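Q: Show me the folded form of this:
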Amino acid sequence: MNSTLKSTLKYFTILALVLAMGMSVWLLPEPIKKEKEQPITPPIDAKDEAGRYIQQASENFFYHEFDKAIGNYKKAITVYKKLGKFKKAAQVFESIGDLYKFRRNLKESEKYYKLAMENHRKNQDSLGEARAMNLAGDLYMERKNFPPAGDWYKKGLDLVRNDPPHLIKALLLENMGHYFWKTNNVPEAILQFTQARDTFSALKNQMGYDHMSAVLNKLQTGQSHGHSIPDGGHI
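A: Residues are numbered from 1 along each chain as shown. Purely as a prediction, here's the structure:
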């Protein structure tokens, strides 16, 4: 296989992994941040050992070789931990959690999200820890198991509630809003969605702002007219 074809294959396997795993409720443009987040998938033909393991895991996922993918992710984690790169290790733990989520293994998925939280904590990265908590919340929310979903969203939000506006904070506020909507606490849902809308506004994230405005209009119109509002459907 020539080098051009090999690079092309790696590109599409990485693209397939990004599309298949780790999605939030809906896609949003990434705002400018003080510290730019580095992608978990390294550049094609990465020179570092951990990067090569992650690339191999991406190819394994593309071919549905899930156990091999997990094995290569774990090898990358071992390398990152030896180097003291806990943020990178935490991101790979999140990827393993996403993979188990894709395989509908809730128990293992949550286990690896918790390991991601632990490593974000070691790195004193409250935003990263909150993101992993948001992923754990989504795991339960998507299965309509609302109590643990709400618990995880609340824990994540408590970590970043007093932080400046950030996409992770906005998504947690939105998800808390959906949790309260699903559990028929419309006044609290309106409060959370309002804070989410204001956070998206501060980030100049037009898509997020418009979406929250539409949700709030639906909820507030239903309340003012005395209508029964369907619980928590995304619009």
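Q: Pull out the buried positions in stretch 160-177.
A: 160, 165-177 (16 or more other C-beta atoms under 10 Å). For the C-beta atoms, the positions are set from N, CA and C on the backbone; glycine is no exception.
Q: And it, how far out from the chain middle?
A: The chain centroid and the centroid of stretch 160-177 are separated by 12 Å under C-alpha atoms, centre = their mean, to the nearest Å.
Q: Then stretch 102-121?
A: 12 Å.
Q: Average pLDDT for it, rounded please.
A: For stretch 102-121, mean pLDDT rounds to 96.
Q: what's the closest non-adjacent residue to the residue nearest to the spatial centre of the chain?
A: The residue lying closest to the centre of the chain (C-alpha atoms, centre = their mean) is L135, at 4.8 Å. Closest residue in space to L135, ignoring its immediate chain neighbours: Y113 at 5.3 Å, by C-beta to C-beta, 6 or more residues apart in numbering.
Q: Quick check: buried residues in the helix or strand where the one you found lies?
A: Using DSSP states H and E, Y113 sits in helix 106-122. Neighbour counts using 16+ other C-beta under 10 Å place 106, 109-113, 115-117, 119-121 of helix 106-122 among the buried residues.
Q: Run through the helices of this protein in chain order.
A: Assigned by DSSP state H, the helices in the chain fall at 3-20, 49-62, 66-82, 86-102, 106-122, 126-141, 146-160, 167-182, 186-202, 206-224.
Q: so the fifth one versus helix 66-82, what angle?
A: Taking axes from the mean of the first three to the mean of the last three C-alpha atoms, to 10 degrees, one finds helix 106-122 and helix 66-82 inclined to each other by 20 degrees.
Q: How about the second one?
A: Helix 49-62 and helix 66-82 are oriented at 160 degrees to each other (the same axes, to 10 degrees).
Q: Of the buried residues of helix 106-122, which is the nearest to N184?
A: Nearest to N184 among those, counting by C-beta to C-beta, is L106 at 24.4 Å.
Q: can you tell me which residues contact D210?
A: Listed by C-beta atoms under 8 Å, 6 or more residues apart in numbering, the contact set of D210 is empty.
Q: Quick check: it vs S201, distance?
A: Distance, D210 to S201, using C-beta to C-beta, to the nearest Å: 10 Å.
Q: can you check Y73 too?
A: When Y73 is compared with S201 (using C-beta to C-beta), they lie 37 Å apart.
Q: Have a look at the two and say which one is more surrounded.
A: Higher neighbour count among Y73 and S201: Y73, with 25 against 16, using other C-beta atoms under 10 Å.
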